[in-house]
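Trainee: from the sequence below, what's the structure:
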Amino acid sequence: MYPQLLIDHGKIIKNVRRMIQLCADHNIEITGVTKVFCGDRRIASTYLRGGLTRLGDSRVANLRKLEGLPCEKWLIRMPMLHEAAETVRYADVSLNSELETLRALNDAAAAQNTVHKVVLMYDLGDLREGFCDPDELRKAAEWTRSAPGLELIGVGTNLTCFSFVHPDTEKLTLLRDAARNIGAAACISGGNSATLDLMLRGGIPEGVNLLRLGESLLFGRERAHYRYLDGTSNDAFLLEAEVIEVKDKPTLPWGEIGRDSYGNTPVFTDRGIRRKAICALGKQDTDVETMWPVDPGVEILGASSDHLMLDITDCETPYRVGDAVRFRLGYFALMRASTSPYVSKIHLNMDSEA
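Mentor: Numbering: from 1, shown residues only. Below is the predicted model of the structure:
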């Protein structure tokens, strides 16, 4: 059973409905991103029950799991050339920044006797995907509009994912104006959960009408300042790990200390003898830097590939071997736990309407 990821669908649907309400107040629609939970069809269905009509994922393999769900599906990472045919089959819309890829998508759409929708990406400073040159963006739009197997529906941007450049009114005004200049203003996608803070401050210019949201739907948190939003739950996902050792141990290791797997030499502070526990959970299963013990007396000391070291000296609960310790998760901890085959997935309150 352990480690196990507890997934509360009642809290997820509550978050989805709250985010839909907040965005609707600013004339913004949502593409709900499913990549962090590997396109799990059960969670995606909860998104739809909450009121979403679009789902997006970065991997075609995950979109394949969503086949047949009654919604528009987006591939939110630019397609690889070799997966053009699968992109057209499993995604209604894809984000693009390369003319060669657009040609492949057009050919694939023609072969499947369909039309594939395209959003062209515009790089506004984060230096991840997108055209930097407005003329190149315009030429790509002209080519896409001439392609019989493609339909240009809009322009998008991505911020706060690589260089961690924050969205602002000036950048999103440039995005809107670029979309209008190339005649693709029906869908102007102004980024991800990092854009929510700007939205709530009234800083999104008129015309930007869609956000691609993942973290805020799952954790109720905007990404720019890591602020939890009122009326949301931050514990829809909990990770439980079993204790496999409890002992009193010193806080200073003894012997010559070498470098860790990243080439760094760890530093330790002498805190005397402390009560410590080891859980059967490690970096192969989750990201220990983005998870937090539910019990405030538990302190995470660190982890190796499959051992999690805890200080439990200050706990009111007398943890013993065989007990479970529970953790709240952040985005990357959830992503790794969802991906790990060693973590059991337990779905709770699947019929809840919150």
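
Trainee: how far away is residue 244 from residue 320?
Mentor: 11 Å (CB to CB, to the nearest Å). Bear in mind the C-beta positions are built from the backbone N, C-alpha and C, glycine included.

Trainee: quick one, which of those two is more surrounded?
Mentor: The neighbour comparison of residue 244 against residue 320 (other CB atoms under 10 Å) goes to residue 244, with 15 against 9.

Trainee: nearest residue to that one other than its sequence neighbours?
Mentor: residue 280 (5.0 Å; CB to CB, 6 or more residues apart in numbering).

Trainee: Provide a list of residues in contact with that neighbour.
Mentor: 2, 3, 241, 242, 244, 306, 307, 308 (CB atoms under 8 Å, 6 or more residues apart in numbering).

Trainee: pick out the most distant pair among those.
Mentor: The most widely separated members of the contacts of residue 280, counting by CB to CB, are 2 and 307 (13.6 Å).

Trainee: in contact with the closest residue to residue 143 other than its chain neighbours, which residues?
Mentor: Leaving aside its sequence neighbours, residue 143 sits nearest to residue 99 (CB to CB, 6+ apart; 6.2 Å). By CB under 8 Å, 6+ apart, the contact set of residue 99 is 139, 140, 143.

Trainee: now do residue 99 against residue 59, distance only.
Mentor: Applying CB to CB to residue 99 and residue 59 gives a distance of 23 Å.

Trainee: equivalent analysis for residue 221, please.
Mentor: Distance from residue 221 to residue 59, by CB to CB: 23 Å.

Trainee: ok, these two, which is more surrounded?
Mentor: Taking neighbours as other CB under 10 Å, residue 221 and residue 59 compare with residue 221 leading, 20 against 16.

Trainee: so for the residue nearest to the more buried one when sequence neighbours are not counted, what's the pLDDT?
Mentor: The shortest distance from residue 221 to any non-neighbouring residue, by CB to CB, 6+ apart, is to residue 228 (5.1 Å). In this model, residue 228 is scored at 95, pLDDT.

Trainee: hang on, residue 228 packs against residue 218?
Mentor: No: Residue 228 is beyond contact range of residue 218, at 11.9 Å (criterion: CB atoms under 8 Å).

Trainee: so for the two, which sits in the more crowded spot?
Mentor: Taking neighbours as other CB under 10 Å, residue 228 and residue 218 compare with residue 218 leading, 30 against 13.

Trainee: now the helix or strand hosting the more buried one, how far from the chain's geometric center?
Mentor: Taking DSSP states H and E as the definition, residue 218 sits inside helix 215-219. Averaged C-alpha coordinates place helix 215-219 at 8 Å from its chain's average position (CA atoms, centre = their mean, to the nearest Å).

Trainee: helices or strands up against the next helix or strand after it?
Mentor: Of the helices and strands lying after helix 215-219 in sequence (DSSP H and E), the nearest is strand 221-222. The contact analysis (3 or more CB pairs under 8 Å, 6 or more residues apart in numbering; DSSP states H and E) places strand 221-222 against helix 196-200.

Trainee: ok, and what's touching the helix it packs on?
Mentor: So helix 196-200 is in contact with 22-23, 26, 28, 166-169, 172, 204, 211, 213, 216, 222-225, 227, 229, going by CB under 8 Å, 6+ apart.

Trainee: can you flag the buried ones in those residues?
Mentor: 22-23, 26, 28, 166-167, 172, 204, 211, 213, 216, 222-224, 229 (16 or more other CB atoms under 10 Å).

Trainee: most widely separated two among those?
Mentor: 172 and 229 (19.9 Å).

Trainee: not counting stretch 102-118 itself, show me its contacts.
Mentor: 79, 81, 84-85, 87-89, 91-94, 96, 140, 143-144, 147-153.

Trainee: among the residues you listed, which ones are in strands?
Mentor: Counted as lying in strands by DSSP state E, out of the contacts of stretch 102-118, are 93, 94, 96, 150, 151, 152, 153.

Trainee: now the helices for the stretch 201-350 of the chain?
Mentor: 215-219, 331-339 (DSSP state H, counting those that start in this stretch).

Trainee: what's around the closest residue to residue 350 other than its chain neighbours, how many residues?
Mentor: Distance criterion CB to CB, 6+ apart; nearest residue to residue 350, sequence neighbours excluded, is residue 9 at 4.8 Å. Neighbour count for residue 9, taken as other CB under 10 Å: 23.

Trainee: contacts only, for residue 9.
Mentor: 42, 43, 46, 347, 348, 349, 350, 351, 352.

Trainee: would you mind measuring from it to residue 15?
Mentor: Applying CB to CB to residue 9 and residue 15 gives a distance of 11 Å.

Trainee: what about stretch 81-101, average pLDDT?
Mentor: On average, stretch 81-101 scores 98.

Trainee: how about that stretch as CSV, C-alpha atoms only?
Mentor: Extracted C-alpha coordinates of stretch 81-101, given in CSV (Å, rounded to 0.1, in the frame of the first residue of the first chain):
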residue,chain,number,x,y,z
LEU,A,81,8.0,16.0,-36.0
HIS,A,82,7.7,12.3,-35.7
GLU,A,83,4.4,12.6,-33.7
ALA,A,84,2.6,14.9,-36.2
ALA,A,85,0.0,12.3,-37.1
GLU,A,86,-0.7,11.4,-33.5
THR,A,87,-1.0,15.0,-32.6
VAL,A,88,-3.7,15.6,-35.2
ARG,A,89,-5.5,12.4,-34.1
TYR,A,90,-5.5,13.1,-30.3
ALA,A,91,-5.3,16.9,-30.1
ASP,A,92,-7.8,19.4,-31.5
VAL,A,93,-5.3,22.2,-30.9
SER,A,94,-1.5,22.4,-30.7
LEU,A,95,0.9,25.2,-29.7
ASN,A,96,3.5,25.8,-32.4
SER,A,97,6.6,27.9,-33.2
GLU,A,98,8.3,26.1,-36.2
LEU,A,99,7.2,26.2,-39.8
GLU,A,100,8.6,22.7,-40.5
THR,A,101,6.3,21.3,-37.8
